[in-house]
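Colleague: what would the 3D arrangement of this be:
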Amino acid sequence: MESSTSNSQLSIIHYPLSIIHYRNLLKWSLNHRQIVVGLAVVSLIAGIALIPLIPKGFIPKLDRGEFNIVYTSPLPDLSSRFPGLNPSSQQETAASAEAPTENTGSIFGDLFQSPIKLLLYKSRTVAGEIEEAVLDSPEVASVFTTVGVRGEPNKGKLYVKLKEERQFHTAEVQEQLRSALPQLEGVTISVEDIQFVDTGGEKPLQVALVGDDLASLYSSAKEIKARVAQLPGLVDVTVTGEDNKADSIEQIERLNGQRVAYISANLSQNQALGDATDQVIAVAQDILPDGVEIDLKGDSARIGSIFGSFAGTLALSVICMLSLLLLVFGRLLEPLVVGLSLPLSIVGAMLALLVTQSDFGMISLIGLIFLLGLLDKNALLLMDYANQLRKSGLSRTEAVLQTGVVRLRPIMMTTASTILGMLPIALGLGAGSELRQPMAVAIIGGLITSTLLSLIVVPVLYTLLEDLWLKVFKRSY
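Modeller: Here you go, the predicted model:
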């Protein structure tokens, strides 16, 4: 045993000073295992404590160079011009009326013979004023206008295409246009991103107020809207139906048999969806009367379901990985060490997201799952080589120390190469990098801390759990 120890000590003389220092640190850690485990637990708690401080998002906004501007012009009182038209049913009439079939030469000809033509004419006038303001921006390449959207002639949509070579990000151009667009009386304007999937025109943040009392429902909805509009980061705030006709609400919707009013809003450039939703809920709960409940819709609801299903996905990934390791090693010790070492990445990933102010959302969650496959590699390299050295005759302590010295450089090199490969994505370089950036940030942060900690914690857990296993095994017999 003494010759084995002396040979090991002589062999490290030729190693760089950094490796010698690491060996000494590892030796100290093996003699103070409770302290090392305690520090690992503290790092895990610190990582979890950082989560509330990180912006909670859904899908990052892309610099797509295109977006929509949706407007709604007010419904005028047409009862004097069209005596047979009931003012309370103008929205229904406008949406369902058929245009005359006779040849008028223009859809805007004979305005006084059809209310829908008059509404289209007024809507086109509003669209022209908005289009003129949009084209004044030097970043805009073209605008395509559609009058009459989703069966409502008083609504329209402008598709805005930005120049390929431009100075500002798409979100910055949207902010500029919000302040530059004309303030037309009774007209609501919403500058919106183009969704990956057609969601029926809903905005990213949407909250439903559900109740039976219509008057109480919409009075509280308007009060909530007024307060939400004052919150930083929320723009284009609307309430269902209030933009159809001045000083009245003509649109009544139902959800599961109850009346419902939707409060919707777009997000400014640096506003995270999860944080904005929490602010709106906090405002609404202070105002809601008895009999009115709040329910999340749109992306606000989707983000909640994603976080809810992530725990199950993560657990399934860990179970599959540990099951494979159990088949390879033939015993529970190594898979258990790998499983306990996986949380070491949380503190680094959360700290990286916090420092860079990247969203903790669907993309960063994918990065955390991706980390699982990277982190078990380090633990496997250490434990597999330690088992080989022990089979060759070395004691457990010497095998662990020699494993750390031999495997330090390969582990550090593979980790460094992975980090450097992810660095361009984390810096936001390349087209569409905004979508992948939170994932790269989480991976880089998790790799840094997990690699540094695993070089110490994995050997400590390896020896500690084996001792505990032997004690339990001896007691059972």
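
Colleague: just say helix, strand or coil for residue 164.
Modeller: coil (DSSP: H, G, I helix; E, B strand; the rest coil).

Colleague: all helices of the chain, in order?
Modeller: 2-11, 17-31, 33-50, 90-96, 115-135, 170-180, 214-228, 273-285, 298-329, 333-341, 346-356, 362-391, 396-426, 433-476 (DSSP state H).

Colleague: and the fifth one, how far out from the chain's middle?
Modeller: What it means is helix 115-135. 36 Å (C-alpha atoms, centre = their mean, to the nearest Å).

Colleague: next, the buried residues of that helix.
Modeller: For helix 115-135, a neighbour-count test (16 or more other C-beta atoms under 10 Å) marks 115-124, 126-127, 130-131, 134 as buried. For the C-beta atoms, the positions are set from N, CA and C on the backbone; glycine is no exception.

Colleague: packing partners for that helix?
Modeller: If contacts are counted by 3 or more C-beta pairs under 8 Å, 6 or more residues apart in numbering; DSSP states H and E, helix 115-135 sits against strand 66-72, helix 90-96, strand 140-149, strand 152-162, helix 170-180.

Colleague: try it again with 6 Å
Modeller: Using 3 or more C-beta pairs under 6 Å, 6 or more residues apart in numbering; DSSP states H and E, the elements in contact with helix 115-135 are strand 140-149, strand 152-162.

Colleague: repeat for the third one
Modeller: The helices and strands touching helix 33-50, judged by 3+ C-beta pairs under 6 Å, 6+ apart, are helix 346-356, helix 433-476.

Colleague: ok and the first one relative to helix 33-50, angle-wise?
Modeller: Helix 346-356 runs at 40 degrees relative to helix 33-50, counting by axes from the mean of the first three to the mean of the last three C-alpha atoms, to 10 degrees.

Colleague: circling back: now the helices and strands packed on helix 115-135 in a markdown table, with mean pLDDT, distance to residue 169 and mean neighbour count?
Modeller: As requested, the helices and strands packed on helix 115-135 are exported to a markdown table (pLDDT from 0 to 100; distance: least, C-beta to C-beta, whole Å; neighbours: other C-beta atoms under 10 Å):
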| stretch | mean pLDDT | distance to residue 169 | mean neighbour count |
| --- | --- | --- | --- |
| strand 140-149 | 86 | 14 | 16 |
| strand 152-162 | 86 | 10 | 21 |
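
Colleague: looking at the ones you listed, which is closest to residue 334?
Modeller: strand 152-162 (54.3 Å; C-beta to C-beta).

Colleague: where are the low-confidence patches of the stretch 1-150 of the chain?
Modeller: Applying pLDDT under 70 to the stretch 1-150 of the chain flags residues 1-15, 76-115, 149-150.

Colleague: scratch that, the stretch 351-477 of the chain is what I was asking about
Modeller: Low-confidence segments of the stretch 351-477 of the chain (pLDDT under 70): 430-432, 473-477.

Colleague: on that earlier part again, for the helices and strands packed on helix 115-135, give me TSV that also has distance to residue 46.
Modeller: Shown next, in TSV, are the helices and strands packed on helix 115-135 (distance: least, C-beta to C-beta, whole Å):
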stretch	distance to residue 46
strand 140-149	47
strand 152-162	42
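
Colleague: among the ones you listed, which comes closest to residue 43?
Modeller: The nearest among the helices and strands packed on helix 115-135, by C-beta to C-beta, is strand 152-162 at 44.5 Å.
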